[in-house]
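J.: with the input below, show me the fold.
(chains A and B)
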Amino acid sequence: MSARTPGNSPSRRAWLRFRRNRLGYWSLLAFCTMVVLSLFAELISNDRPLIVHYEGANYYPLFKDYPETTFGGDFETTTDFLDPFIRERLAADGNWAVFPLNHYGPKTLNYFATQPNPAPPTRENWLGTDDRGRDLLAQLIYGFRVSVLFALALTVTGVALGLLAGALQGFFGGKTDLAFQRFIEIWGAMPELYLLIIFSAIFAPSVSLLLVLLSLFGWMGLSDYVRAEFLRNRQLDYVRAARALGVGNWQIIVRHILPNSLTPVVTFLPFRMSGAILALTSLDFLGLGVPPGTPSLGELLSQGKNNIDAWWISLSTFAVLVLTLLLLTFMGDALRDALDPRKVDREPAPADAAGANA
Amino acid sequence: MTGPGRTATGPQAGPLLDVQGLRVAFGGVDVVKQVDFSIAQGEKLALVGESGSGKTVTALSLLGLAADAHCRGSVRFAGPRGEVDLLQLPESELREIRGRDIAMIFQEPMTALNPLFPIGNQIAEVLQLKQGLDKAACAKAVVELLASTGIPEPERRAQAFPHQLSGGQRQRAMIAMALACKPRLLLADEPTTALDVTIRGQILDLLSALQREYGMAILMITHDLNLVRKFADRVVVMEKGHLVEQGAVSAVFAQPRHAYTRKLLESRPRRDVVEDDARGAAAVQTPLLCAERLQVSYPVPIPGIRGWFRKAAFVAVKGATFSLAPGRTLGVIGESGSGKSTLALAALGLLPFGGRLVVDGKAWGGGGSADKALRRTIQVVFQDPFSSLSPRMTVEEIVGEGLLVHQAALDKTARQQRVLLALDEVGLDEQQFPNLLGRYPHEFSGGQRQRLAIARALIVEPRLLVLDEPTSALDVTIQQQVLQLLQRLQRERGLSYLLITHDVDVIRAMAHDVLVMKEGEIVESGPLAQVLDAPRHPYTRKLVEAAL
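T.: Numbers count the residues shown, from 1 in each chain, chains lettered A, B, ... in the order given. Below you'll find the predicted structure:
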């Protein structure tokens, strides 16, 4: 009894249970680190130096384009810092430049490569290049970022739509529920892939279009769970008690039922993330996804398939994909265990004797 | 000892089951601490205690059925093949003993029976497994067993699925299944708790009759002292995992030695309310709640294609007429399905109803603000203190919610003050529970949660409380405390109660007037003494007798 800290909310206890699952906890930390690092991808993998000190002046090519003439070149075009001539100038006396860890950006073509593309790993291109001569490591870092951000956005919109639809169906029930259910059946029967193909033919492909299209179909699975939770919770006594107090519908939904219906939503978050990443990857693999030129894991996989000898493409992409999905799955498992209502903390039940002075 | 089907074997002198130094631990925590008792052949022993006393765990661990439990001590059982220690037996031999020599029946037959198979098949399975009977012999034995438990039309019932039977019939089917192999010992875990009071007596009589017929011993686990008095030869009292007292029922009930046994025996609800004669002209006062020909019906689906287009109506309350004066308690008693909880929800304006219902001179349905004002007058306390408090809200949010709705002008500090006052009123304060306002419901026990529910209702200062089985989910000693609290609140605040219950004892302690409901109809009503002491309707008589 003494170990029982007062005021521990159920969500805090769930978090403590999650922390106790080492694999899930470390997966969460690792995944967050990867995401944060990829958010700063420009500082890690870029074809421009972070700072250039040239003839007494400081330049910041990350934020500003400088013509080649600034560094003693002949052309007015934006400086190509991978050009051996420019490199030579920057390495001259008193000049220096801080390059990122990897000297290539997602779209940088290595014009000075010594081998035909796709080129195997070298000291210049640590993971080799793809079939257009772009650095694979840079592709993977930026592709991971696109995938994760896309998956996050898709998850957020899907959860928002699913929550709203499920809450309306479950709370009002009856005819609302019936109408919504039939609508979902019809909507769910639409061939998603065909629609994507048709739309990608009509509109110029873009990440936001893809997001909208996938969101339109991504909310249905979740809304069923939320609906079931609402149906169960709305007839519990605490909701009746709130009604008897005269609390309005909206307040009952937001304050009473919603917090108690979030368990399936939270449990599914990592799995929805991994599902979204996989969906984007598959669409890119089929060429229906992000516009060409956008770094993408799916496109790399398809390149790997087309260049089966270039093992570095498929192997490294595969490794990144597996690692990401595995981390998400571990997190999901841990989360599911942490939120499982049947897993109770082994604590003695509070004794009634404490309240025995009526 | 020579009942039909069993020729008595083995020594008659020694006990059938001898439990010595039994300790059961879950995850290193002892739940049952050093329990010694024994059961003689053909004896009826009752194991009594409140929830959490370890009585069910004790019974389950005898058969090795307590999952993840670590058991120590010895449980010597005089089986047909000599004496064995049940705790030492390998699982395979234990499985042999289960069902054949020691059988068990559970509290809730609906969950203990497989919903997908007819009960006849489930009983036949036991016979095939344990006795190796063939199909025809099984079918015959099943019908005989069902007939012996008093189920009407046993041939037809053997084909019935569990949901097609009534609660009492399901429990009879469970008993038939347990008795299939004529066990020497029957473990009965609260076998009547889930049943209606009038059925309880029948099931107990049946168990007694079968016990005599088969000459088996029964270990009855219960929290109900009435039942112990009626049924058992000997009683074992447990408290928090300790065995505190054991002995013959008559001796323990007449002269309880342990303080806890005395507390249990004295925990029958006590009447402590303002009586009618003390106030004189009580009946003249205008009623606070008044119903005339109140009718509530639910839509129920019609099977077949007609059900696509319309629904049938199930009438849960059929034309109820009653009134409740300020400061008085109207008790509504009836069995499950009698419509008494529906009546409560209709009184709260939470269900659409027909007829006339007036609360404090106003009817429901007067639009938003009128209904909101009415809600301040009538509040409710539900049965289950676990589902009636949202697990994700703090005490402050739960109790203070009514103020947000009805006195939105109050600022946070004033609201907190009011919440603390309301909590103090129901006997919860910061001294017992540091950081009381920030706590969550799971940190409180059942009785304390019920106090929270009462505080939530009281904070809007209602004049009428609907109490829907307010104590039936609580242990007897806690039930008494909560009833005392309700009695005090009525005396001090002049509250009226609409008390819904199935428990005649609670009605006796609380009510001034009584309604008896059966299948949606009020079969009898009147002042407490008249209805309970001189019941006119046979159903009321049955209820009152079952409670004695």
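J.: where does the closest residue to A:Trp15 other than its chain neighbours sit: helix, strand or coil?
T.: Using C-beta to C-beta, 6 or more residues apart in numbering or on different chains and skipping residues adjacent in sequence, the residue nearest A:Trp15 is A:Ala338, 7.3 Å away. In this view, the C-beta of every residue, glycine as well, is placed from N, C-alpha and C. Look at A:Ala338: counting by DSSP: H, G, I helix; E, B strand; the rest coil, its state is helix.
J.: who's in contact with stretch A:10-27?
T.: The contact list for stretch A:10-27 (C-beta atoms under 8 Å, 6 or more residues apart in numbering or on different chains) reads A:8, A:326-328, A:330-331, A:333-335, A:337-339, A:343, A:345, B:391-392, B:440, B:442.
J.: hang on, the earlier thing: I'd like to know how far the residue nearest to A:Trp15 sits from chain B.
T.: 15 Å (C-beta to the nearest C-beta, to the nearest Å).
J.: please name the residues that touch B:Ala363.
T.: B:Arg356, B:Leu357.
J.: distance of it from B:Cys290?
T.: In this view, B:Ala363 and B:Cys290 are 10 Å apart by C-beta to C-beta, to the nearest Å.
J.: with B:Asp196 instead?
T.: 29 Å.
J.: do B:Gly201 as well
T.: 36 Å.
J.: kindly report the same for A:Leu297.
T.: A:Leu297 is 72 Å from B:Cys290, by C-beta to C-beta.
J.: neighbour-wise, which of those two wins?
T.: Higher neighbour count among A:Leu297 and B:Cys290: A:Leu297, with 26 against 19, using other C-beta atoms under 10 Å in any protein chain shown.
J.: what residues does the stretch 101-250 of chain B put near chain A?
T.: Taking C-beta under 8 Å from any C-beta of the partner chain, no part of the stretch 101-250 of chain B reaches chain A.
J.: what are the ranges of the strands in the stretch 101-250 of chain B?
T.: B:102-105, B:185-189, B:217-222, B:234-239, B:242-248 (DSSP state E, counting those that start in this stretch).
J.: just the buried ones from the contacts of stretch A:10-27?
T.: A:8, A:327-328, A:330-331, A:333-335, A:337-339, B:392, B:440, B:442 (16 or more other C-beta atoms under 10 Å in any protein chain shown).
J.: for A:Asp65, helix, strand, or coil?
T.: coil.
J.: can you put the strands of the stretch 101-250 of chain B in TSV and add mean neighbour count?
T.: Shown next, in TSV, are these (neighbours: other C-beta atoms under 10 Å in any protein chain shown):
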stretch	mean neighbour count
strand B:102-105	24
strand B:185-189	24
strand B:217-222	25
strand B:234-239	24
strand B:242-248	19
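J.: ok, which of the ones you listed comes nearest B:Leu465?
T.: strand B:217-222 (30.6 Å; C-beta to C-beta).
J.: distance from the chain centre to the helix or strand containing B:Leu485, please.
T.: Assessed by DSSP states H and E, B:Leu485 sits inside helix B:476-493. Here helix B:476-493 shows a centroid-to-chain-centroid distance of 19 Å under the convention C-alpha atoms, centre = their mean, to the nearest Å.
J.: how much space between whichever residue of the stretch 51-200 of chain A sits closest to chain B and B:Ala66?
T.: For the stretch 51-200 of chain A, the residue closest to chain B is A:Gly174, as judged by C-beta to the nearest C-beta, at 9.8 Å. Using C-beta to C-beta, A:Gly174 is found at 44 Å from B:Ala66.
J.: out of those two, which sits in the busier spot?
T.: Ranked by neighbour count (other C-beta under 10 Å), A:Gly174 and B:Ala66 place B:Ala66 first, with 19 against 9.
J.: sec struct for that one, please.
T.: B:Ala66 is classified as coil under three-state DSSP.
J.: the lengthiest helix in chain A near chain B at all?
T.: Longest helix of chain A, by residue count under DSSP state H: helix A:136-172. No - on the criterion C-beta under 8 Å from any C-beta, helix A:136-172 is out of touch with chain B, staying 15.0 Å away.
J.: after that helix, which helix or strand is next? Please name it.
T.: Using DSSP H and E, the first helix or strand after helix A:136-172 is helix A:174-188.
J.: how many neighbouring residues does residue 287 have?
T.: By default, I'm working from chain A. So A:Gly287, with other C-beta under 10 Å, has 13 neighbours.
J.: meant chain B actually
T.: That count, for B:Pro287 with other C-beta under 10 Å as the rule, works out to 19.
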